[in-house]
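# Here is my input; please provide its structure:
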Amino acid sequence: MLNLRNIVVRSLFGFMAVLAPATVAAQQGASATSGTPPPVAYASVSELNGMLAQLQQTAQSMQSDLEKMRIEKWKAGASTKQQTLANVESIQRNLRSALPEVIAQLNNAPEDLGVSFKLYRNLDALYDVFGSVVESAGAFGSKDEFQSLINDMTGLESARHAFGERMQKLTASKEDELTRLRAQIKALTAAPAAPAPPPTPKKIIVDDTEPPKKALKKKATKPKPPPTTTDAPPSTAPPK
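Numbers count the residues shown, from 1 in each chain. Coordinates of the predicted model:
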């Protein structure tokens, strides 16, 4: 199991940094064109729903069995009881808040690698802390407590293993998608650009016919008025 965990974690950290930009760009292009995210295969959604139903059932059983524990009655030291109580409270907070939140996110994006990895890490942390509680219950608790917690541990390990395998399949699928995208980009960049069509020649129409000249109209000249003459008055000098 540890080998599977190491393989998944190493492959995802190295691969997601390369895959994320191309995948996001492709999804954004598809969303911008159609207005909706790319569809997810029915088989993938059906597989995820079955895994989540099993996980939620295991989480409910864990929550119920943790509430039934009587750690204060254990024949153990105060530090052991205090540490086990702190672990139980941490697990319960996770089961009530963090786990349902990431499950809801995965329901909205069934093949999102980032959300899938987030859920796997959460299950991995739960598995480690819950395993410590189970060990303490086996050493100091009742037989019934230990048996119930062992059953929960088996369900949690099964869910963690199933999600680890799903992430490996998703990673391989996304890697194939990235390879196709790179091939398409390479083909587009390698193809010679089509020559631009020659500009359409403009037609120039020359009109060499002279328009008829308009006859110039002579301006009518007004007749000059006759000069005004003033008659001299008759001489009135007396005769000599």
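# where does the protein have low pLDDT?
Within the chain, the stretches falling below the threshold (pLDDT under 70) are 1-38, 191-196, 201-240.
# all helices for it, in order.
If DSSP state H is used as the criterion, the helices of the chain fall at 2-34, 42-67, 78-93, 99-108, 113-140, 143-190.
# ok, the closest residue to Ala125 other than its chain neighbours - contacts?
Nearest-residue entry for Ala125: Asn94, 7.6 Å, with adjacent residues in sequence omitted and distances by Cβ to Cβ, 6 or more residues apart in numbering. Where C-beta positions appear, they are placed from N, C-alpha and C, glycine not excepted. Contact analysis of Asn94 by Cβ atoms under 8 Å, 6 or more residues apart in numbering lists 122, 125-126.
# Apply 10 Å and report the result again.
Neighbouring residues of Asn94 by Cβ atoms under 10 Å, 6 or more residues apart in numbering: 59, 62, 100, 122-123, 125-126, 129-130.
# so what's the closest residue to Ser132 other than its chain neighbours up against?
Residue nearest to Ser132 in three dimensions, not counting chain neighbours: Asn87, with 5.8 Å by Cβ to Cβ, 6+ apart. Taking Cβ under 10 Å, 6+ apart as the contact definition, Asn87 lies against 66, 71, 128-133, 136.
# same thing but at 8 Å, please
Applying Cβ under 8 Å, 6+ apart, the residues contacting Asn87 are 129-130, 132-133.
# ok, back up a step: may I see the helices of the chain organised as CSV, with distance to Pro197 added?
What follows is those, written out as CSV (distance: least, Cβ to Cβ, whole Å):
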stretch, distance to Pro197
helix 2-34, 28
helix 42-67, 47
helix 78-93, 68
helix 99-108, 48
helix 113-140, 45
helix 143-190, 21
